[in-house]
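>>> The sequence isn't on hand, but the structure is:
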């Protein structure tokens, strides 16, 4: 794929594809209907952006959030690609520019939200625009029972049929059931070319911890990562505000974000987070798929997520640049009760509620895991893996014990009290605590009264939480959350199954040392200086900092310290457009003043033709008045030298046909030029 690789370098600044990208790009470029499941940060967007440049016509990209579209369009435009978006957030000038580009046949990628498909004029607009491919980002939004369902995604299949063009669907979060829904609703059940590129994000450290003063746990986690961009997800709007306030009081730059805020206030938080280094956003899941910031260094959950898919997607917003990132998820019995109640009290049919309980069980199994968390997470998505060495349980294996007898005592207490009470009252019975409620109910006369005196209250709370997590008991919404026994518990009661439990350790997952240094200590000042230059350029252009260069590119500059534009062009993420726009500014930070290159020479930076240009220029200067220095002065322009270096003519006749040469110059410089070209670089 020589053209693919050329565009990959010249536009996107990469020397090679990431694992799995090349096959997907090839399939999409050929116009095959495609479904690609790729991990967050695995380079999904490039798999439809690059084919859009290769193919004729316009690629329309259906994307779920305005912020996500605007970020991708800004990034493409910064790389020299003619891309635009039609969104409700556009200014009139932005909308006019998109329509002008469409009318001139210049636009290559057109982004729009799925809600725009409900408009009667959209189909005619796309037909007249010459759309030749549809790309669907976050394709799991078509799943009616998924955590990110968007009803207008159901219109995409109809659009594909009406335009009769290939469709490429991409997502990072889709279990087998969701993948089947995508195929049915986007491709009418006709199997597309499918790519399952794995769910592993090895750079992300996974950690869970049972709740023990959650505010302090979050504050401690943030303190160990001070100065790094992070997200804290919370279950309620009120908690986002109180946690953000606590973080600010602790000296962190922090803001809150939730769906109850005014739209302008939400947009301002999004702008701050994209453009400011080190900001923490405390948010509900409303702060979601539109976040395309590659250098988020950590994600914490102050409450248990809704499902394992939601968890995977939310932690996936960290470390998209491939550098180390940390996560921490807090959970407790109240979280489990809340999630169970939300499922039971929902409007879904019984079979869907059962499936949702199964999904929650998978997440609780991950939270209460006894071995490597990554193994368990990947197993949910159908993958196998060795222990990762990059999770809290690999670092500190849990202290396990046979909890069968304790669980049987707890189940007996539930049954003997008519499945009518929550864990607090049951713990009082088990520990033999004679409260007024226990006495009034006569529960001090039960055989189970006092049989659990060997454990303190906190230990029993951990046992009940793990019983909830193992789905041995569930809160009954019709009895105000009283615990009832599930079918899964019956073999335990009969002595036919054993239960292994974990002893809680309060330090679990909360006191990991600060995240790894991104560069060696001696290189840290240069990285800070490069970030400062990036921030200044981003503020001047009013774009997010990573649109200039992402952290990974700055780290590589710091480590390799390029001395000139040729070396700078070989840094990952530095394409031709960005080299032209920003290369010299960053070289000055690294090396001080940098000699200016002729614009025609800059276009060859980092390429073999650049070296040929330099040697041809020396020859042209030496022979300007002929070999003896007495001839008529002849010069070769930089534009002509660039064309010779790129086209490499091998005869005097071919050289004379290069614009700007002619017979006279070909005769003067031809032999020497061809000698340079023959020897190569």
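Right, received. Where do you want to start? Remember, predicted model here, so these are calculated numbers, not experimental data.
>>> How about residue 255: which residues does it bridge to?
Residues in a beta bridge with residue 255, per DSSP bridges, are residue 281.
>>> residues in contact with it?
244, 269, 272-273, 279-282 (CB atoms under 8 Å, 6 or more residues apart in numbering). For the C-beta atoms, the positions are set from N, CA and C on the backbone; glycine is no exception.
>>> Which one of the residues you listed is nearest to residue 322?
residue 273 (20.0 Å; CB to CB).
>>> Which helix or strand contains the closest one?
Per DSSP states H and E, residue 273 falls inside helix 263-275.
>>> residues in contact with residue 526?
Contacts of residue 526 (CB under 8 Å, 6+ apart): 558, 561, 589-590.
>>> ok, residue 12 - contacts?
Contacts of residue 12 by CB under 8 Å, 6+ apart are 46, 49-50, 79, 573, 575.
>>> brain fart, residue 305
Residues near residue 305 by CB under 8 Å, 6+ apart: 233, 311, 314, 329, 363.
>>> ok, those vs residue 552, which is closest?
The closest of these, once distances to residue 552 are taken by CB to CB, is residue 314, at 21.5 Å.
>>> what helices or strands is the least confident helix or strand in the chain by mean pLDDT leaning on?
Every helix and strand in the chain was compared by mean pLDDT, DSSP states H and E; the lowest is helix 599-602, with a mean of 72. If you count contacts as 3 or more CB pairs under 8 Å, 6 or more residues apart in numbering; DSSP states H and E, helix 599-602 packs onto helix 576-591, helix 608-622, helix 638-647.
>>> Show me the one of the ones you listed that comes nearest residue 212.
Using CB to CB, the helices and strands packed on helix 599-602 put helix 576-591 closest to residue 212, at 45.1 Å.
>>> Now do that closest one: distance to the chain's middle.
Centre-to-centre, helix 576-591 and its host chain are 27 Å apart (CA atoms, centre = their mean, to the nearest Å).
>>> Would you mind confirming that residue 572 makes contact with residue 15?
Yes. Here residue 572 lies in contact with residue 15, judged by CB atoms under 8 Å, at a distance of 6.9 Å.
>>> Which residue of those two possesses the greater neighbour count?
Between residue 572 and residue 15, residue 572 has the larger neighbour count (other CB atoms under 10 Å), namely 18 against 11.
>>> Now do the contacts for residue 400.
370, 500-503 are the contacts of residue 400 under CB under 8 Å, 6+ apart.
>>> can we see that at 10 Å?
370-371, 500-503 (CB atoms under 10 Å, 6 or more residues apart in numbering).
>>> what's the burial count for the closest residue to it other than its chain neighbours?
Excluding the flanking residues, the one nearest residue 400 by CB to CB, 6 or more residues apart in numbering is residue 500, at 5.5 Å. When neighbours are defined as other CB under 10 Å, residue 500 has 13 of them.
>>> Quick check: residue 500 vs residue 221, distance?
Distance of residue 500 to residue 221, computed by CB to CB, to the nearest Å: 28 Å.
>>> ok, and for stretch 5-16, which residues are buried?
Using 16 or more other CB atoms under 10 Å as the test for burial, stretch 5-16 gives 7-14.
>>> Now render those as a markdown table, adding distance to residue 541 and secondary structure.
Shown next, in a markdown table, are the buried residues of stretch 5-16 (distance: CB to CB, whole Å; DSSP: H, G, I helix; E, B strand; the rest coil):
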| residue | distance to residue 541 | secondary structure |
| --- | --- | --- |
| 7 | 24 | helix |
| 8 | 24 | helix |
| 9 | 23 | helix |
| 10 | 21 | helix |
| 11 | 19 | coil |
| 12 | 19 | coil |
| 13 | 18 | coil |
| 14 | 22 | coil |
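>>> ok but residue 495 is inside a strand, no?
No. Per DSSP: H, G, I helix; E, B strand; the rest coil, residue 495 lies outside any strand segment and is coil.
>>> What's the separation between it and residue 165?
63 Å.
>>> Which of those two has more residues huddled nearby?
residue 165 (18 against 9).
>>> what sits against that one?
With CB under 10 Å, 6+ apart, residue 165 has these contacts: 31, 33, 57, 59-60, 126, 131-134, 159.
>>> Find the nearest non-adjacent residue to residue 614, please.
Residue 614's closest residue in space is residue 601 (CB to CB, 6+ apart), at 7.6 Å.
>>> Show the contacting residues for the one you found.
Residue 601 neighbours (CB under 10 Å, 6+ apart): 565-566, 609-610, 613-614, 617, 638, 641-642, 645.
>>> circling back: can you give the distance of the least confident helix or strand of the chain from its chain's centre?
Worked out by CA atoms, centre = their mean, helix 599-602 lies 36 Å from the chain centre.
>>> What segments of the stretch 401-550 of the chain are helices?
404-416, 423-431, 436-441, 457-469, 490-493, 524-541, 545-548 (DSSP state H, counting those that start in this stretch).
>>> Dump these to CSV, plus distance to residue 358 and mean pLDDT.
What follows is the helices of the stretch 401-550 of the chain, written out as CSV (distance: least, CB to CB, whole Å; pLDDT from 0 to 100):
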stretch, distance to residue 358, mean pLDDT
helix 404-416, 21, 94
helix 423-431, 23, 92
helix 436-441, 35, 89
helix 457-469, 13, 87
helix 490-493, 18, 93
helix 524-541, 45, 81
helix 545-548, 38, 84
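>>> Quick check: which of those helices is nearest to residue 226?
helix 524-541 (14.5 Å).
>>> give me the number of residues near residue 285?
Residues near residue 285, counting by other CB under 10 Å, number 18.
>>> wait, residue 298
Neighbours of residue 298 under the rule other CB under 10 Å: 25.
>>> Kindly report the same for residue 215.
14.
>>> same question, the one 4 residues further on
Using other CB under 10 Å, residue 219 has 18 other residues around it.
>>> Repeat that for the one 4 residues further on.
Other residues near residue 223 number 13, with proximity taken as other CB under 10 Å.
>>> same check, this time on the one 10 residues further on
In terms of burial, residue 233 registers 25 neighbours under the definition other CB under 10 Å.
>>> Excluding chain neighbours, what is closest to it?
residue 301 is the one closest to residue 233 (CB to CB, 6+ apart), at 4.9 Å.
>>> For the one you found, list the residues it contacts.
So residue 301 contacts 208, 214, 218, 231-235, 310-311, 314-315, 327-331, 335 (CB under 10 Å, 6+ apart).
>>> Can you flag which of these belong to strands?
Among the contacts of residue 301, the members found in strands (DSSP state E) are 208, 231-233, 327-331.
>>> buried ones in the least confident helix or strand of the chain?
600-602.
>>> cool, and stretch 484-503?
484-485, 489, 492, 499, 501-502.
>>> Residue 93: which of the residues you listed is nearest?
residue 502 (58.8 Å).
>>> quick one, phi psi at the spatially closest residue to that closest one that is not a sequence neighbour?
Closest residue in space to residue 502, ignoring its immediate chain neighbours: residue 398 at 4.6 Å, by CB to CB, 6+ apart. Main-chain torsions, residue 398, degrees, to the nearest 10: phi -70, psi 160.
>>> part of a helix, is residue 634?
No. Assigned with three-state DSSP, residue 634 falls outside any helix and is coil.
>>> re the thing from before, let me have the contacts of residue 601 in JSON lines, extended by neighbour count.
Shown next, in JSON lines, are the contacts of residue 601 (neighbours: other CB atoms under 10 Å):
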{"residue": "565", "neighbour count": "23"}
{"residue": "566", "neighbour count": "19"}
{"residue": "609", "neighbour count": "22"}
{"residue": "610", "neighbour count": "21"}
{"residue": "613", "neighbour count": "26"}
{"residue": "614", "neighbour count": "17"}
{"residue": "617", "neighbour count": "16"}
{"residue": "638", "neighbour count": "18"}
{"residue": "641", "neighbour count": "26"}
{"residue": "642", "neighbour count": "22"}
{"residue": "645", "neighbour count": "26"}
